[in-house]
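Trainee: everything below, folded, please.
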Amino acid sequence: MTYFLPELMAKRIEMLKDVIPRISQVAILVKPDNPFFGTALRALEIPAKSLNVRLHQFEVRGPNDFADAFVAIAKSGVDAAVILEDAVFVSNARAIAELATKQRLPSAGFDEFAEAGGLIGYGVDFLEMYRRAAVFVDKILKGAKPADIPVEQATKFVIVINMKTAKALGLTVPPSLLTRADEVIE
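Mentor: Model prediction:
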């Protein structure tokens, strides 16, 4: 199964734009040694352009780079930040969310990111993916060749809105976004 979907990342920018319509520049944290990021950035360019949003890349190689990256992001004058999936980013979601809030920067990322303190989380429902994985295991145990089983894309997604962060940033989350949320953190 795969959960790389360009729509997933574009949706994060759309949700930020729902909360703050004036957004025109968005920072993207980039880990240069992650080959996924090049594809992700290319996938983000088209929806960003249609939303009149300019993307700015800020490279980080590890946790020691986060603080400097967020100082540079704040100095650059961007309106918000989008955090993509990477093992280092996921395992340091709380630190990244705290830095974004400290710089008064609305942020969106994977659903655990909002749970850790980011404003918006949008991502794949991994529990649903795990359930689907059981179907693959069942087929293989019944004799199917793994190479013959088609790859599936994730179909169920989760929206998490962190109202604590919204209040700390002085933002009002529109009711239309709140009603779509699977979880609202008060």
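
Trainee: contacts and neighbour counts: CA atoms only from here.
Mentor: Fine.

Trainee: separation between residue 78 and residue 19?
Mentor: Distance from residue 78 to residue 19, counting by CA to CA, to the nearest Å: 15 Å.

Trainee: apologies, that question was intended for residue 179.
Mentor: 13 Å.

Trainee: so which of these two has more stuff around it?
Mentor: More crowded of residue 179 and residue 19, by other CA atoms under 10 Å: residue 19, with 19 against 10.

Trainee: residue 123 versus the closest residue to that one other than its chain neighbours, what's the distance?
Mentor: Among residues not flanking residue 19 along the chain, residue 173 sits closest, at 5.3 Å (CA to CA, 6 or more residues apart in numbering). The spacing between residue 173 and residue 123, counted by CA to CA, is 19 Å.

Trainee: what about the two, which has more around it?
Mentor: Shown here are residue 173 and residue 123; by other CA under 10 Å, residue 123 has more neighbours (23 against 19).

Trainee: list the buried residues for the helix or strand hosting residue 47?
Mentor: Element membership of residue 47 [criterion: DSSP states H and E] is helix 35-50. Using 16 or more other CA atoms under 10 Å as the test for burial, helix 35-50 gives 37, 40, 41, 43, 44, 45, 47, 48.

Trainee: quick one, the helix or strand that that helix is followed by and helix 35-50 angle?
Mentor: Proceeding N to C from helix 35-50, the next assigned helix or strand is strand 54-59, under DSSP H and E. Orientation check (axes from the mean of the first three to the mean of the last three CA atoms, to 10 degrees): strand 54-59 against helix 35-50 gives 160 degrees.

Trainee: just want the most central residue of the chain.
Mentor: residue 109 (2.3 Å; CA atoms, centre = their mean).

Trainee: find the nearest non-adjacent residue to it, please.
Mentor: residue 83 (4.6 Å).

Trainee: thinking again about what came up before, tell me what the helix holding residue 47 is packed against?
Mentor: helix 6-19, strand 54-59 (3 or more CA pairs under 8 Å, 6 or more residues apart in numbering; DSSP states H and E).
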